[in-house]
Structure formats: structure tokens, C-alpha cells
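[1] Quick one, structure for this:
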Amino acid sequence: MDKVVFFYGGIEPLIRIVVVGTLAYISLLLLLRISGKRSLAQLNAFDFVVTIAIGSTLGRLITAKGVSLAESVIAFLTLLSLQYVVSWLTVRSSPFQNVVTASPSLLYFRGQFLHKAMQQQRVTQVQLLAAVRENRIASLQNVEAIVMESTGTIAVIKKETVGEQTDTSALSNIPKINH
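    So this is what the prediction gives:
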């Protein structure tokens, strides 16, 4: 008899999962829609933590009998409110932004791989070459710079014209660059 309960505990828990899971899903979609595009943008560290916490909360609600829908919706609202406050402070305070958001890192510049920066970011030359190819660039001679953005994405900046000095103003917020 215990083996049967282990595999099947009755129809009521299954109905609860479907009903509460559906309501939680709809609630989360509505809250994300209200909270704006920032909640769905490319993730920085704080956004990543909020995303994981929301997923964990949703999973616990769906599978744990002792967690109510109201408690989970309040948890979602709390997490999204914290994300809003952090993003609001990030936009208005440079010191706070420096704590929450990583600086972009220059990994390649004007024909040189910056190996120390690559090691710090745990990126290989092979990965950078793959990023160049993904941007449909056949030669590094056509690349001005490769940057790891604060979100972890790799941006490849093409030279405007081969042999001509490129305007590097897009690189102005990257530490330790002389251009």
C-alpha cells in the first residue's frame, strides 16, 4: 500500500498542482507585464538572482502542499519590487550601479588579444573567434574591439573601413582603455 502512495497519492494533489500552477503562472505573467521590460531584459547578476528566486518560488508553490497561492504571489511581488528598487537606484546612483553591475571588459583591441583580461573573464581565444564568426566577420583585420559586456554577452565592434581609424566612443566606459 505504501508503494502505491509513493507513486500516486490521489487525484486531489494532481488537481491542486494544475489549478494552483495555472493561477501562479497567470499571476507571474501579469506581475512581469506590470513590472516592465527591465524584468525580461538581458540579465545582470541581480536580475539573475531574482529570476532564479522566482523560479524556485513557482516550483515550490506548485509542488508543496503547505504553500498558498497568496504567499507565492506576495513572494513574486516582493522579488519584482526589489528588482524595481535596485534598477531605479542603479539608474540614479553611479556608486550603487558600480556595486550591482559589472563593468564591461575589453578583451581584444586593434589587433591584440588582451590575455590578462581574457583570463580574468575566463574567456578563451577560441570563444572570441567564435563570436567574430557569429557576427559574420571573416578576418580579425575587420575587428576594432571585442568586449565582454556587463551581462556576459560578447560584443564585436567592426572597423568602419579597413585601415582607417575607427571612432571608439562606444568604448569610452570601459576601464583602462586608451583610445
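[2] Just give the number of residues close to the closest residue to residue 148 other than its chain neighbours.
    Leaving aside its chain neighbours, residue 148 sits nearest to residue 105 (4.6 Å; criterion: Cβ to Cβ, 6 or more residues apart in numbering). Where you see a C-beta, it was placed from the backbone N, CA and C, and this is true even at glycine. A count of nearby residues for residue 105, using other Cβ atoms under 10 Å, gives 20.
[3] Ok, residue 145 next?
    Residues near residue 145, counting by other Cβ under 10 Å, number 22.
[4] Next: the one 5 residues further on.
    By the other Cβ under 10 Å criterion, the neighbourhood of residue 150 contains 18 residues.
[5] Pull the contacting residues for it.
    Applying Cβ atoms under 8 Å, 6 or more residues apart in numbering, we find residue 150 in contact with 44, 101-104.
[6] Next one: the nearest residue to it once chain neighbours are set aside from residue 136, what distance?
    Closest residue in space to residue 150, ignoring its immediate chain neighbours: residue 102 at 4.6 Å, by Cβ to Cβ, 6+ apart. To residue 136, residue 102 is 27 Å away according to Cβ to Cβ, to the nearest Å.
[7] three-state assignment of residue 136?
    Here residue 136 is recorded as coil under DSSP: H, G, I helix; E, B strand; the rest coil.
[8] oh, I was asking about residue 155
    Following three-state DSSP, we place residue 155 in the strand state.
[9] quick one: it from residue 171, how far?
    As judged by Cβ to Cβ, residue 155 and residue 171 stand 10 Å apart.
[10] list residues touching both of those two?
    Residues touching both residue 155 and residue 171 by Cβ under 8 Å, 6+ apart: residue 147.
[11] Just name the closest of the contacts of residue 150 to residue 84, please.
    Closest approach to residue 84 among those (Cβ to Cβ): residue 44, at 14.1 Å.
[12] which regions of the chain lie under the pLDDT threshold?
    Filtered on pLDDT under 70, the chain yields the residue ranges 1-7, 35-44, 161-168, 176-179.
[13] quick revisit: double-check the residue nearest to residue 150 against residue 45; I have them as touching.
    Yes. Counting by Cβ atoms under 8 Å, residue 102 touches residue 45, with 7.0 Å between them.
[14] Show me where the chain has its helices.
    In the chain, the segments counted as helices under DSSP state H are 2-7, 11-35, 45-63, 69-92, 94-100, 115-121, 125-134.
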